[in-house]
Structure formats: structure tokens, C-alpha cells
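Q: coordinates only, sequence not included:
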């Protein structure tokens, strides 16, 4: 178990931090680009005296969006390029996915992105309240076994701090191919101050870019679900 700063909140982390060996180009992206894309001091270990970050210093007066667990980063970059008038923060603890994202950012030339390579709950700690105008949770780890459902993102441990940083009226989008994840999402998200926007569960959003995780689900015969919530005032 990793040693924590004595003032850091105690949190379990489940999942992988790193997978296969990174390519030389990916190591180069991490070394050359990641620090410049940091949203600010987020991690307790490196910044025990951290303060709230200032979104206006990052993005000016633009709305701020957040993608939670961006995987390989294709949706995050798509949204950044399609919406240059917003600033977008992506949080992802899996360093291989972060490296993939950095390559996509270089290729697309996107300049309205910031990247936190870690647990989004640490980012929630330093985001001011009512900051995020739109949040995305796309194909999160399903944790299919019943005894592991408490590890899912759609639990109070994650949703309560998300609700704090969401702007009233802000949108929270969830995509998943797991029917039981839909069930838990519909039960838990409204309990934390969100209302569902009624729409066809199987109709993607107009600006949707199908991710590699979705393509895998489709190949394996699983049907995508798309849910949208807005933050109550």
C-alpha cells in the first residue's frame, strides 16, 4: 500500500495505474507535455499545502467541463476541438491512457485542455464549488460482481463531491453498456442532487463520438445506454 501524507483523506483506489510498457514516443509525451497541462497542485503527496485551483487562470471566462476517466482520450480531444470556447479537464489514473491522450493532443493541436493523471477525487478536493458546467462519465469500470458495486463511480463517495463542484443546471452525462450500471446510476445520482433529463436511453447525444470501449461493447453484442442529468439548483 502506498504511503499517504498524514493529512490526506483516506481513500481506497481500485484499478490499474499502469499496464504494458510504454513506447518511447509515449514516454517522451509524458516527459515533455504533462507538466504543462497540469490544472494545478492536486496530489497530496507532492502538494501537502495545496490550495483550491483557479479555473479562470486556466481558461479565462470560458465554461469548464470535466471528463472522469477518459480512457484513451478520443472523446476528450473530440470535445476540445469541437468546442474551442470551453475549457476541459480530464482525469485518468491509468498512465497508459494518459500517454495515449497526450499523443492525440499533439496531433489535434488542442489548446483548451488540462490533464490530471490521477484519482478524480483529489481533483474534486481543489476545484471550487459550482465550477463545472458539464461532466462526462463514459464507460466506467463496471465492477460486475455484486460485492464490488460499492467500487463503482456512481456511489456517494464520488457523486457527493461531484455534486459540489457542478454548477446548478450543469449537465452530467453517463454512457455504459452494463444494464445493472444503468440501474445503480438511476438510483444513486438523483440522491446527490441531480435530476434525469428524460430521453431515449439508447439514443447517443448529437455531439457523441463513439469510443473504443463502445466499439468493443458493440462487437460483443452489448447495447450502449446514454443518460443525462442536470444539477438541481
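A: Arrived safely, thanks for sending. Note that the coordinates shown come from a computational prediction; the quantities given were computed from them, not determined experimentally. Residues are numbered from 1 along each chain as shown.

Q: in the helix ranked longest in the chain, what counts as buried?
A: Using DSSP state H, we find that the single longest helix of the chain is helix 95-108. Residues 95, 96, 97, 98, 99, 100, 101, 102, 103, 104, 105 are the ones in helix 95-108 that count as buried (16 or more other C-beta atoms under 10 Å). Where you see a C-beta, it was placed from the backbone N, CA and C, and this is true even at glycine.

Q: Could you tell me which ranges of the protein sit under the pLDDT cut-off?
A: Under the criterion pLDDT under 70, the flagged ranges of the chain are 1-19, 43-49, 143, 148.

Q: mind listing the strands for it?
A: Secondary structure of the chain (DSSP state E): strands at 63-68, 86-91, 113-116, 132-138, 166-176, 194-196, 225-231.

Q: Does the third one pack against any helices or strands, and if so which?
A: This means strand 113-116. If you count contacts as 3 or more C-beta pairs under 8 Å, 6 or more residues apart in numbering; DSSP states H and E, strand 113-116 packs onto helix 74-82, strand 86-91, helix 95-108.

Q: of all these, which lies closest to residue 218?
A: When those are compared by C-beta to C-beta, helix 74-82 sits nearest residue 218, at 15.2 Å.

Q: Show me what that closest one is packed up against.
A: strand 63-68, strand 86-91, helix 95-108, strand 113-116, strand 132-138.

Q: at 6 Å what do you get?
A: strand 86-91, helix 95-108 (3 or more C-beta pairs under 6 Å, 6 or more residues apart in numbering; DSSP states H and E).

Q: Can you add distance to residue 128 and give those back as JSON lines?
A: Shown next, in JSON lines, are the helices and strands packed on helix 74-82 (distance: least, C-beta to C-beta, whole Å):
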{"stretch": "strand 86-91", "distance to residue 128": "13"}
{"stretch": "helix 95-108", "distance to residue 128": "24"}
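
Q: what separates residue 88 from residue 73, distance-wise?
A: Taking C-beta to C-beta, to the nearest Å as the measure, residue 88 and residue 73 are separated by 11 Å.

Q: now residue 211
A: Residue 211 sits 9 Å away from residue 73, going by C-beta to C-beta.

Q: before we move on, back to that, which among the buried residues of helix 95-108 gets closest to residue 177?
A: For those, the nearest to residue 177 is residue 97 (18.4 Å; C-beta to C-beta).

Q: Can you give me every residue that contacts that closest one?
A: Residues near residue 97 by C-beta atoms under 6 Å, 6 or more residues apart in numbering: 71, 72.

Q: any idea how far it lies from residue 60?
A: 28 Å.

Q: now residue 208
A: For residue 208, the distance to residue 60 equals 27 Å [C-beta to C-beta].

Q: Compare the two (neighbour count), which wins?
A: residue 208 (17 against 9; other C-beta atoms under 10 Å).

Q: Just grab the bridge partners of the spatially closest residue to the more buried one that is not a sequence neighbour for me.
A: Counting by C-beta to C-beta, 6 or more residues apart in numbering, residue 208 lies nearest to residue 226, which is 7.5 Å off, once chain neighbours are set aside. Beta-bridge partners for residue 226, by DSSP bridges, are residue 175.
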